[in-house]
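*Asks:* Sequence plus predicted model, see below.
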Amino acid sequence: MFEALSGKLNGVFDRLRRRGALTEADVNEALREVRIALLEADVALPVVKDLVNKVRERSVGQEVIRSVSPAQQVIKIVHDCLVEALGGGEGAAPGGLSLNAPAPIAILMVGLQGSGKTTTSGKIALRLRGREKKKVLLASLDVHRPAAQLQLETLAKQAGVTSLPIIPGQTPLEIAARALQVARGELYDVVILDTAGRLSIDEALMAEVAEVKALAKPHESLLVVDAMTGQDAVNTARIFNERVGLTGIVMTRIDGDARGGAALSMRAVTGAPIKLLGAGEKLEALEDFHPDRIAGRILGMGDIVSLVERAAETIDKAEAEKLAAKMQKGQFDLEDYAAQLRQIGKMGSLSGILGMLPGVGKLKAQLDEANLDNTILKRQAAIIGSMTPKERRSPDIIKASRKKRIAAGSGTTVQEVNRLLKQFDDMSAMMKRMNKIGQKGLLRGGLGALLPGAGGKRPF
């Protein structure tokens, strides 16, 4: 979401780094470029002014100008100001959903039609059932959109939670009252009320949401907004907050090419914190919002912590340990390679994963040319799936005729089959060298010990 903004800010900071010492004029020139970058990213003007003024106040002091690395000091100040703008910093309330209330805890989901509200309700239900071990009831109050209640019922089945039985003809208030009664009677921990949306804000929508809120008295009132709508999302959040009152915001489609201004403006304009981020269509694609980590992504510092957390959530530990043991023994085959591809696929898009690594933003052009996306993983998995069990265990037997059959069966080309086999051969060779030289040899020789022809000796 922040690629364009990140690229422009990094360009500004790269120019600062090339200067040994900074004058006040250097800082002001850099801040003018930062201001332009933020405005082009669709950040609200009052937020831009406030952020730039804060950075200027902290940057022009003697401790920055005379510091050993003044450019790094300025970058740190920009980072701290971004964190504050996003709702973090010292004294900020902890992120995530608040579940500190007597059961059943009511969570009210509001937003415009098409923002991803119903899907987000399913995602939150899955997260509460899996992470928090809560008994969750989902209830659709949307009697206006065709099949909205059936959609939520389907999502509830996918998430492994209960959905409130549909009774045709009931009003949203009647459905909400019944959901709360069922939740109390059947000892549910959480009841999620998915209200109706509209194509635009109108009086009927606000009145309906206000009535439901007055009845349900929710512990959390979450507005779901589409990050792709930019400043319209900020205006929507402001109006909902003024009319209904919000405890938090969920931003969806952050994996798209939105400019990121809405995220930077949301907290300052509404006062309501962003709590969750939707990063895809899958029910598992929901992340906690961490202002410091998002600021790190914007400034090209990466987000290793979130990457590790995502890996811990999605990777099967037992399968990973089994795979590691086989790799240590040099018994890695194409079935194991396919399992590895599945594990990576669970973590999300390759571009999203790489975007969490420090400094990768500067390689964006090269990565775009490499066409790294999940279709590559799917095509490689299809190629391996078209092989016989014997071929997967012994790739050496795959010759010209077999390659043609595999390519035809997987809907790919012989060249793609050759490319996969070459990658697998390279990986296998490296693993065999690792197994041969051992941990001590790797420590002595470094990564050069794994290069072909190094023979386990340190290259000079």
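*Replies:* Yep, it's here.
*Asks:* Any buried residues in stretch 137-155, and which?
*Replies:* By 16 or more other CB atoms under 10 Å, the buried positions in stretch 137-155 come out as 137-143, 148-149, 151-153, 155. The C-beta positions use only the backbone N, C-alpha and C, and glycine is treated the same way.
*Asks:* For the helix or strand containing A37, which outside residues touch it?
*Replies:* Using DSSP states H and E, A37 maps to helix 24-40. Outside helix 24-40, the residues that touch it by CB atoms under 8 Å, 6 or more residues apart in numbering are 4-5, 8-9, 11-13, 15-16, 19, 45, 47-48, 51-52, 55-56, 59-60, 64-65, 74, 78, 259, 261, 264.
*Asks:* Please repeat the previous calculation with a cut-off of 7 Å.
*Replies:* 5, 8-9, 12, 16, 19, 48, 51-52, 55-56, 59-60, 74, 78 (CB atoms under 7 Å, 6 or more residues apart in numbering).
*Asks:* From the chain's centroid, how far away is it?
*Replies:* When distances are taken as CA atoms, centre = their mean, to the nearest Å, helix 24-40 is centred 28 Å away from the chain's centroid.
*Asks:* for it, which positions count as buried?
*Replies:* Across helix 24-40, burial judged by 16+ other CB under 10 Å covers D26, V27, A30, L31, E33, V34, R35, A37, L38.
*Asks:* got it, and stretch 187-203?
*Replies:* Buried-residue list, stretch 187-203, by 16+ other CB under 10 Å: Y188, D189, V190, V191, I192, L193, D194, T195, A196, G197, R198.
*Asks:* now the strands: where do they sit in the stretch 151-300 of the chain?
*Replies:* Taking DSSP state E, counting those that start in this stretch as the test, the strands found in the stretch 151-300 of the chain are 162-163, 190-194, 220-226, 248-252, 274-278, 286-288.
*Asks:* Distance to S386 and mean pLDDT for these - can I get that in CSV?
*Replies:* Formatted as CSV, the strands of the stretch 151-300 of the chain follow (distance: least, CB to CB, whole Å; pLDDT from 0 to 100):
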stretch, distance to S386, mean pLDDT
strand 162-163, 39, 95
strand 190-194, 42, 95
strand 220-226, 39, 90
strand 248-252, 36, 89
strand 274-278, 34, 88
strand 286-288, 34, 86
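*Asks:* and these as TSV, adding distance to N418?
*Replies:* Formatted as TSV, these follow (distance: least, CB to CB, whole Å):
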stretch	distance to N418
strand 162-163	49
strand 190-194	50
strand 220-226	42
strand 248-252	40
strand 274-278	39
strand 286-288	38
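*Asks:* and those strands, which is most packed in?
*Replies:* The highest average neighbour count among the strands of the stretch 151-300 of the chain, using mean count of other CB atoms under 10 Å, belongs to strand 190-194 at a mean of 28.
*Asks:* CA atoms only: put stretch 31-47 into CSV for me.
*Replies:* Taking C-alpha atoms only, stretch 31-47 is exported to CSV below (Å, rounded to 0.1, in the frame of the first residue of the first chain):
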residue,chain,number,x,y,z
LEU,A,31,11.0,18.6,4.5
ARG,A,32,9.5,20.4,1.4
GLU,A,33,10.0,17.2,-0.5
VAL,A,34,8.6,15.1,2.3
ARG,A,35,5.5,17.5,2.3
ILE,A,36,5.0,17.0,-1.4
ALA,A,37,5.4,13.2,-1.1
LEU,A,38,2.8,13.1,1.7
LEU,A,39,0.3,15.2,-0.3
GLU,A,40,0.8,13.0,-3.4
ALA,A,41,0.1,10.0,-1.2
ASP,A,42,-3.4,11.5,-0.4
VAL,A,43,-2.6,12.4,3.2
ALA,A,44,-5.0,15.0,4.5
LEU,A,45,-3.5,18.6,4.4
PRO,A,46,-3.9,19.3,8.2
VAL,A,47,-2.1,16.0,9.0
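*Asks:* one step back: ok, which of the strands of the stretch 151-300 of the chain comes nearest L205?
*Replies:* In terms of CB to CB, the element of those nearest to L205 is strand 220-226, at 12.4 Å.
*Asks:* partners of the closest one, with directions?
*Replies:* If you go by DSSP bridges, strand 220-226 pairs up with strand 105-110 (parallel), strand 248-252 (parallel).
*Asks:* who does the closest residue in space to L152 that isn't next to it in sequence bridge with?
*Replies:* With sequence-adjacent residues excluded and distances taken as CB to CB, 6 or more residues apart in numbering, L152 is closest to S140, at 4.0 Å. For S140, the beta-bridge partners are D194 (DSSP bridges).
*Asks:* if I pick S140, what's in contact with it?
*Replies:* By CB under 7 Å, 6+ apart, the residues touching S140 are A148, Q149, L152, D194.
*Asks:* Just confirm the second one is within a helix.
*Replies:* Yes - per DSSP: H, G, I helix; E, B strand; the rest coil, Q149 lies within a helix segment.
*Asks:* Model confidence score at the nearest residue to it once chain neighbours are set aside, please.
*Replies:* Distance criterion CB to CB, 6+ apart; nearest residue to Q149, sequence neighbours excluded, is S140 at 4.1 Å. As predicted, S140 sits at a pLDDT of 94.
*Asks:* go on, the one 3 residues further on?
*Replies:* Among the per-residue scores, V143 holds a pLDDT of 90.
*Asks:* Report the contact partners of it.
*Replies:* Residues in contact with V143 (CB under 7 Å, 6+ apart) are T171, P172, A196.
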